[in-house]
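Novice: Need a 3D model of the sequence below.
(2 chains)
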There are 2 protein chains.
Amino acid sequence: MTDLWFTEMHTADARFSIKITEHLHSEKSIYQQIDLYDSETFGRFLAIDNFMMLTEKDEFIYHDMITHPAMAVNPDIKRVLIIGGGDGGSAREILRYPTIEHVDLVEIDERVVRLCQEYLPQTACKLDADSRLHLYFEDGLLFVKNMASQSYDLILVDSTDPIGPGEGLFTYDFYQNCKRILSDNGILINQHESPYYKNDAYEMRRSHAKLKCTFPIAKVYQFHMPTYPSGHWLFGFASKKYDPIEDLKADRWKSFGLYTRYYNTELHQGAFMLPTYVKEGLEHV
Amino acid sequence: MTDLWFTEMHTADARFSIKITEHLHSEKSIYQQIDLYDSETFGRFLAIDNFMMLTEKDEFIYHDMITHPAMAVNPDIKRVLIIGGGDGGSAREILRYPTIEHVDLVEIDERVVRLCQEYLPQTACKLDADSRLHLYFEDGLLFVKNMASQSYDLILVDSTDPIGPGEGLFTYDFYQNCKRILSDNGILINQHESPYYKNDAYEMRRSHAKLKCTFPIAKVYQFHMPTYPSGHWLFGFASKKYDPIEDLKADRWKSFGLYTRYYNTELHQGAFMLPTYVKEGLEHV
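Specialist: Below is the predicted model:
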């Protein structure tokens, strides 16, 4: 009898393990170690460098929260840039809006896209099935540097943790280029790590400090992500003029008629109401 | 070299483990297996029947959220009943209000209280140090049955999961007696399990169905609890007349001048704004 477990270290002395029913694929790309597993409770899941990226069962939470809040603040978003997001989940969600005209997805590692297309059609389903989507296998840092000003209404920084290939994304230079290539209504959503464990909270503060220096509006919202360390995860909301609460257009968002299992426009407001210790951690940056 | 880990099964195929620096105490009481451990990241922690009850590092979240929301809705609460809560954390928080006159704490297992007094002074500090607090080592079910009507303004059901000694607490009979012994302004806060994993969500729905049948107002609020399964945990808010949002008295609560590391009156409102799938799970009971 095999008894195989995937184990991720949440801290040096805390670990989370999932019993796997099948190790679907394992390879070392130029950039990173990529593994795909199957399990009973979480379905299929993707791990990069042995960190859980997404599972079939809870990816809806992450992908709801990275896409819909921005669309509810500016329902007129037409042109979108996704940095990272090779699993396709963010693209799938944003392409549900018929008003979206153009999406560029820039993933440094083509193998992530190809393997997700093979093993995770649940998230990758739109990567070769929607003419509005354009795939680039390039470094996101260079892509934004070379892009013309005012090219996008929304940028989703759907990156891995700020170690390995994701590292360059968490720089001033990157965020400043993001601001430049955003339209005057532009919004940037940033994978913002977690407030709870010490190392994650350090990255949260680093990201937030940079966004605060770059954008006139920089706020943070939270969600419950069961398979991420502590279950408490954050996105940064940075924008040139829209406030995520004051400019929320709940009725217009509802008129899209999209069913979302995690997101709703009430939760939208609640997600920006942060625990005291998280607010304090963000203020002292 | 010793390499000792405490492991809790979150589901049959998902487990969370903490490296322990010392196994402080282990005993089997009449009711349950009680263990106290020490660790680097979480400090000391209490496990009952091998389920994590609390850690020194994140107990502030649970105890903020079980006590302060009710006090912010009715700052005139004077008399409180705590069912369970032998670790003392809920008593410690509620006794921070100088306006609280009387607290009865009913814990079935005296050994939990005694061991927490010995090993977890952080939560147990008020259990023998505040003349307003009265300890009863009895079955909570019988205690509420024999109590006179209208005896309390607030009941905190700070119980273990609904297996083992906690099981009887999750019955209609228990909640009906709670309602009877509450004043006309009465509020009950109920440990409501979690919406995410299947078994926890089943208990969430069971508890909620009973509170909804018993109280005119029955709502649910959420918080981030890093060491509980999925990190997504809930309390039920049931009351005879107060709505947790409409009747929130933020200014009066702030005038108490209490510093709380998790709770604040903005978060109070956000905590009741639930994800779509959680709302659906609660509606279909």
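Novice: can you give me the helices in the stretch 101-250 of chain A?
Specialist: Across the stretch 101-250 of chain A, reading from the start of the chain, the helices by DSSP state H, counting those that start in this stretch fall at A:110-119, A:121-124, A:140-146, A:172-181, A:198-214, A:250-254.
Novice: So which elements touch whichever helix or strand comes after the last one?
Specialist: It refers to helix A:250-254. The C-terminal neighbour of helix A:250-254 among helices and strands, as given by DSSP states H and E, is helix A:265-271. With contacts defined as 3 or more CB pairs under 8 Å, 6 or more residues apart in numbering or on different chains; DSSP states H and E, the packing partners of helix A:265-271 are helix A:59-73, strand A:217-224, helix A:250-254, helix B:265-271. Where C-beta positions appear, they are placed from N, C-alpha and C, glycine not excepted.
Novice: Redo these as a markdown table? Include mean neighbour count.
Specialist: Output for the helices and strands packed on helix A:265-271, formatted as a markdown table (neighbours: other CB atoms under 10 Å in any protein chain shown):
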| stretch | mean neighbour count |
| --- | --- |
| helix A:59-73 | 25 |
| strand A:217-224 | 22 |
| helix A:250-254 | 14 |
| helix B:265-271 | 20 |
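Novice: possible to save the ones you listed as JSON lines with distance to A:Ser159 and mean pLDDT?
Specialist: Putting the helices and strands packed on helix A:265-271 into JSON lines (distance: least, CB to CB, whole Å; pLDDT from 0 to 100) gives the following:
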{"stretch": "helix A:59-73", "distance to A:Ser159": "11", "mean pLDDT": "98"}
{"stretch": "strand A:217-224", "distance to A:Ser159": "16", "mean pLDDT": "98"}
{"stretch": "helix A:250-254", "distance to A:Ser159": "26", "mean pLDDT": "98"}
{"stretch": "helix B:265-271", "distance to A:Ser159": "26", "mean pLDDT": "98"}
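Novice: Ok, which of those comes nearest B:Arg79?
Specialist: Evaluated with CB to CB, the helices and strands packed on helix A:265-271 place helix B:265-271 nearest to B:Arg79, the distance being 22.3 Å.
Novice: who's in contact with that closest one?
Specialist: Outside of helix B:265-271, the residues that reach it under the criterion CB atoms under 8 Å, 6 or more residues apart in numbering or on different chains are A:269-276, B:65, B:68-69, B:72, B:221-223, B:244-245, B:248, B:250, B:253-254.
Novice: ok so, going back, can you list the helices and strands packed on helix A:265-271 in TSV and add distance to B:Glu203?
Specialist: As requested, the helices and strands packed on helix A:265-271 are exported to TSV (distance: least, CB to CB, whole Å):
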stretch	distance to B:Glu203
helix A:59-73	21
strand A:217-224	17
helix A:250-254	32
helix B:265-271	19
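Novice: Quick one: closest of these to A:Lys126.
Specialist: Taking CB to CB as the criterion, A:Lys126 comes closest to helix A:59-73 out of these, the separation being 11.5 Å.
Novice: Distance of the residue in the stretch 151-285 of chain A positioned nearest to chain B relative to B:Leu267?
Specialist: Of the residues in the stretch 151-285 of chain A, the one nearest chain B is A:Gly231, at a distance of 1.8 Å by CB to the nearest CB. Using CB to CB, to the nearest Å, one gets 16 Å for the distance from A:Gly231 to B:Leu267.
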